[in-house]
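S.K.: No sequence on hand, only this structure:
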Ligand SMILES: Nc1ncnc2c1ncn2[C@@H]1O[C@H](COP(=O)(O)OP(=O)(O)OP(=O)(O)O)[C@@H](O)[C@H]1O
């Protein structure tokens, strides 16, 4: 060995033991150390080697390196790749430990210590290990590591282990594998001092097995799930285990609770192993908290606890009707669903998904379903969820690990058969490295798979088949496709003013009066005020804002009552018309009082009407996640410039489809302009000059800050352009929706009910609709149908005829464009 001896500058490390294969960035203090590192790193080349020797933590002797201070006579040689010299006597180094050495002698050479060392790892491998035996143990280690790598988050370090299997020296590879386990100080020291590679491999195998044994029973199912789940959030690994120390009574109590939880056999097996581990490690070990919280969760999960289902269709119908106005189709479907459950007594069945704008009662209906079934209800908001781990949880080996939302819901409800509303399934995102949450949801909803749902934290299959999942969403388009395929979508479109009035009078007002500590004898909100609130303070398809405004009214009344009449009002006022102090009950919230509380009206219909009635402007109907609305299209033409490369300019935050439909409408108008027949008597001003052929056109879609998209504005844009060039306003009180084809046909569009309700609320009298949408009229409330005219069209000729009150017709619209005069 004499020839192998080296002289190595050394640093005493007190904080940790760094085995070969370990890289880290640490602070080193002490004048001698800093001086040494400066000299070694600056005088020599970068990537210089220093020796780490591990010393006891003796206060006041930070810099002192003497043999009596050493924890071990084995140290590790570290390659320093980076050093930052910070405050005096402090340096931050980034290093990777490479191999062991034995300290032959410590030499206090001025100005920093060096050691005479003899390298170990290579020497032992070459001189003392039997190649075949070594290969055998190494194979075992490698296959175990492959299993473990399936279970934990991938990182550059883990990739290095995987890639290094056949390339790295066995000794170094073994040390790297040890980093897969959170090691205690004693275990690290033991591995440092185990010089034989085979012996060390065996120790690492044992450590890996004991650390990951809890995962073993679910390895199979884990792997199948892992297929599309390679990206987990990077969380810090737990790295410390402390000294063993028991707390028998506490653990006994936990053990009792685990027994009471009636875990299935596979879960019981894991729980008892973890319980044993808990008993062996001390209360002050960092692993103690992790294992303890894990076992607490296992004890709290409703493995065997269900609420008894009691469906009574008659009662369910009464409950649904008493809490919700209208919604006939939805209620009918819900009752059918409950009837099948009652007869079949089986948990399989469709997954209902309520799709509609905010505040139309999706959550409230889901809650009523739970009540009708006698089950507990829980709502999971999926808006903004973009990690699989939100659904499936984090592995418990990470600091701050938590179970996913499904398991948390079960823990909260305490039963394994609650009704869970997956709210806003359309608002889930996909994180860049964290997997698609929709894929995890698919597994949750799939009856084939959800009997063995494995949350990463729980790491034991849990049966979700008894849970009744209901989904809700604001729009169809954004529900992930694979998920959409599994759902039975039920649309809730929104309410007309009359419907909102009924809901306000019969449901919302009684609710907010009660919620604000009042009773119906204390406050009166007349119908007229309700109408005013609906038209001037809310603009929504549902009734959520309406509820908030009514609540604001009630709050102001509650304040007056509390301030002036005190609790005596609550006792004497109901139905009495009594005066108490300066208040007369019930307090009447007339229009003036409403304006006092809610401030000046927020919405004014005149703004819309003032902009209509001029050539080049048409009103179209649109639908968005917040319901239907009337949007204007404004066109302006000016003479074509010679150098203009495009004759059409569009503004108003348009999506691609809408841009294309505007281009198409512009082309259609130019192709057919010479075929328009204008009854001049009805258009006194005559057509505009210049014509579309020598004009540039600007089309603007007001409310420029709001994104717009879709093809349903096609006929509105074409009508606005025809109106511009024929210099003739569109018929008053008329709005429309429909997709235009290049040949002048009008195709059906979506959101008809919401669009018609919006037109009705804005006071329009006539709506032009595609003929194919006639079927959607069954959903329109009778009072709306009676108050409005609907014109069903097939071609642009029909559209123009209605839009200009018969003043414009189009001859031979199906003629091929090339045969026209263009
Ligand atoms: N048809 C109805 N009859 C009585 N109350 C209703 C009706 N529709 C909605 N409401 C009431 O309106 C309020 C809002 O309803 P809910 O929270 O169920 O809306 P939502 O559709 O789930 O909205 P979001 O999409 O924002 O979650 C609730 O107080 C609900 O009771």
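M.R.: Structure received. Everything numeric here is computed off the predicted structure, so don't read it as measured data.
S.K.: okay, CA-based contacts and neighbour counts for the rest of this
M.R.: Will do.
S.K.: Who is residue 116 paired with across the strands?
M.R.: Counting by DSSP bridges, residue 116 forms beta bridges with residue 7, residue 105.
S.K.: Tell me where the model's unsure across the stretch 651-800 of the chain.
M.R.: 678-689, 704-705 (pLDDT under 70).
S.K.: Those residues of this protein touching the ligand, which are they?
M.R.: Contact residues, the chain versus the ligand (C-alpha under 6 Å from any ligand atom): 323-326, 357-364, 474, 503, 507, 543-544.
S.K.: Model confidence score at residue 73, please.
M.R.: Note for residue 73: predicted pLDDT of 88.
S.K.: helices or strands up against the host helix or strand of residue 444?
M.R.: Here residue 444 sits within helix 437-445, counting by DSSP states H and E. In terms of contacts (3 or more C-alpha pairs under 8 Å, 6 or more residues apart in numbering; DSSP states H and E), helix 437-445 is packed against helix 388-392, helix 481-486.
S.K.: Would you check the distance separating the shortest one from the middle of the chain?
M.R.: Okay, so that is helix 388-392. 10 Å (C-alpha atoms, centre = their mean, to the nearest Å).
S.K.: Now do it: which elements does it pack against?
M.R.: If you count contacts as 3+ C-alpha pairs under 8 Å, 6+ apart, helix 388-392 packs onto helix 405-413, helix 437-445.
S.K.: Name the surrounding residues that touch the last one.
M.R.: Residues outside helix 437-445 that contact it (C-alpha atoms under 8 Å, 6 or more residues apart in numbering): 351, 385-392, 428-430, 449-450, 453, 464, 469, 480, 482-483.
S.K.: Those, buried ones only, as a ChimeraX selection?
M.R.: Burial among these is assessed by 16 or more other C-alpha atoms under 10 Å; the matching ChimeraX selection reads:
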select :351,385,386,387,388,389,390,391,392,428,429,450,453,464,469,480,483
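S.K.: ok, back up a step: what's the least confident stretch among the helices and strands packed on helix 388-392?
M.R.: Out of the helices and strands packed on helix 388-392, helix 437-445 stands lowest, with a mean of 87 (criterion: mean pLDDT).
S.K.: what pLDDT, on average, does the helix or strand following it get?
M.R.: For helix 437-445, the following helix or strand on the C-terminal side (DSSP H and E) is strand 453-454. In this model, strand 453-454 carries a mean pLDDT of 90.
S.K.: Paired strands for strand 453-454, with orientation please.
M.R.: Here, using DSSP bridges, strand 453-454 pairs with strand 461-462 (antiparallel).
S.K.: and the next helix-or-strand element following the partner strand with helix 437-445, angle?
M.R.: Downstream of strand 461-462, the next assigned helix or strand under DSSP H and E is strand 468-473. Orientation of strand 468-473 against helix 437-445 (axes from the mean of the first three to the mean of the last three C-alpha atoms, to 10 degrees) gives an angle of 150 degrees.
S.K.: And strand 468-473, how far out from the chain middle?
M.R.: Put simply, strand 468-473 sits 15 Å off its chain's centre (C-alpha atoms, centre = their mean).
S.K.: Which strands and helices lie in contact with it?
M.R.: If contacts are counted by 3+ C-alpha pairs under 8 Å, 6+ apart, strand 468-473 sits against strand 351-355, helix 362-373, strand 419-423.
S.K.: 10 Å instead?
M.R.: Counting contacts by 3 or more C-alpha pairs under 10 Å, 6 or more residues apart in numbering; DSSP states H and E, strand 468-473 is packed against strand 351-355, helix 362-373, strand 377-381, strand 419-423, helix 437-445, strand 487-491.
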